[in-house]
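Q: After the sequence you'll find the predicted model.
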Amino acid sequence: YLVIGQGEESFRQILDKENKNNILKTIPKKIINPYEELDDVYDVIRFESSRGCPYNCSFCNYAQTKLQEIPLEEVKKRIEYIFKNFNFKHFTLLDANLNINKNRMKTICKTIEKLNNPKNNNNNTSKFKTKQIMLELKPELIDEEIISYLKLLKRPKVELGLQSSDKLVLKKSNRFYDRD
């Protein structure tokens with residue numbers, strides 16, 4: 001099979017064997033919500049609130065896709081749906097650099113904080129009362145404000161993209177930032 005464009009619908013067609021010519025071309029106008037048809041118990045739920053990256057690092061696959069953000073109201077609805085309908089231990093935010101947009105990060109962290117607090121979830125039937133949150137940040141954008149959002153998540157696991165501290169390597173890989 002050859003899939004051109006985003007793969008959610010194409011992958012479903014492949015699994016359902018709906019397509020006979022082995023070439024699928026789908027370019028949806030928005031990132032679809034894949035969580036509506038899941039079973040109810042998972043170890044990890046992986047979640048995208050955006051896809052792609054605004055940077056152009058030569059080594060990175062994220063940069064192959066122009067940054068596409070799901071509208072924040074839709075993100076909040078999807079996160080709420082997941083927390084209220086599924087049993088899971090870990091919630092991984094797959095966004096390449098969640099801290100690129102502080103307002104967006106703040107809204108997402110506050111949404112998760114509210115839903116991940118057992119005191120606020122009397123109706124939550126999950127076996128796992130508090131979920132481990134995992135996310136990826138751009139290290140040079142971390143400041144006191146970003147740290148305050150991380151604190152809302154109760155000790156999240158954070159991945160940092162530390163590619164190099166060598167100026168020449170950074171220049172050749174098209175990864176620029178102010179190291180000071």
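A: Perfect, thanks for sending it.
Q: Poorly predicted segments of the chain, please.
A: 1-42, 63-64, 120-129, 176-180 (pLDDT under 70).
Q: Can you name every helix or strand that the regular element (helix or strand) spanning Arg46 contacts?
A: In this structure, Arg46 sits in strand 41-47 according to DSSP states H and E. Contacts defined by 3 or more Cβ pairs under 8 Å, 6 or more residues apart in numbering; DSSP states H and E place strand 41-47 against helix 72-85, strand 87-93. To be clear about C-beta, it is placed using only N, CA and C from the backbone, and glycine gets the same treatment.
Q: now the angle between strand 87-93 and the longest one, please.
A: Spelled out, that is helix 72-85. 160 degrees (axes from the mean of the first three to the mean of the last three Cα atoms, to 10 degrees).
Q: could you pull out the strands for the protein?
A: Applying DSSP state E to the chain gives strands spanning 2-5, 23-26, 41-47, 50-51, 68-69, 87-93, 132-137, 157-160.
Q: Reformat the ones you listed as JSON lines; add mean neighbour count and distance to Arg175.
A: Converted to JSON lines, the strands of the chain look like this (neighbours: other Cβ atoms under 10 Å; distance: least, Cβ to Cβ, whole Å):
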{"stretch": "strand 2-5", "mean neighbour count": "12", "distance to Arg175": "27"}
{"stretch": "strand 23-26", "mean neighbour count": "14", "distance to Arg175": "31"}
{"stretch": "strand 41-47", "mean neighbour count": "14", "distance to Arg175": "25"}
{"stretch": "strand 50-51", "mean neighbour count": "20", "distance to Arg175": "19"}
{"stretch": "strand 68-69", "mean neighbour count": "14", "distance to Arg175": "21"}
{"stretch": "strand 87-93", "mean neighbour count": "19", "distance to Arg175": "21"}
{"stretch": "strand 132-137", "mean neighbour count": "20", "distance to Arg175": "15"}
{"stretch": "strand 157-160", "mean neighbour count": "13", "distance to Arg175": "13"}
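Q: Tell me how far Leu168 lies from Cys60.
A: Counting by Cβ to Cβ, to the nearest Å, the separation of Leu168 from Cys60 is 18 Å.
Q: do Leu150 as well
A: 23 Å.
Q: neighbour count winner among those two?
A: A direct count of neighbours by other Cβ atoms under 10 Å for Leu150 and Cys60 places Leu150 higher, at 19 against 16.
Q: possible to save the strands of the chain as a markdown table with distance to Lys172?
A: Formatted as a markdown table, those follow (distance: least, Cβ to Cβ, whole Å):
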| stretch | distance to Lys172 |
| --- | --- |
| strand 2-5 | 31 |
| strand 23-26 | 35 |
| strand 41-47 | 31 |
| strand 50-51 | 26 |
| strand 68-69 | 28 |
| strand 87-93 | 30 |
| strand 132-137 | 23 |
| strand 157-160 | 21 |
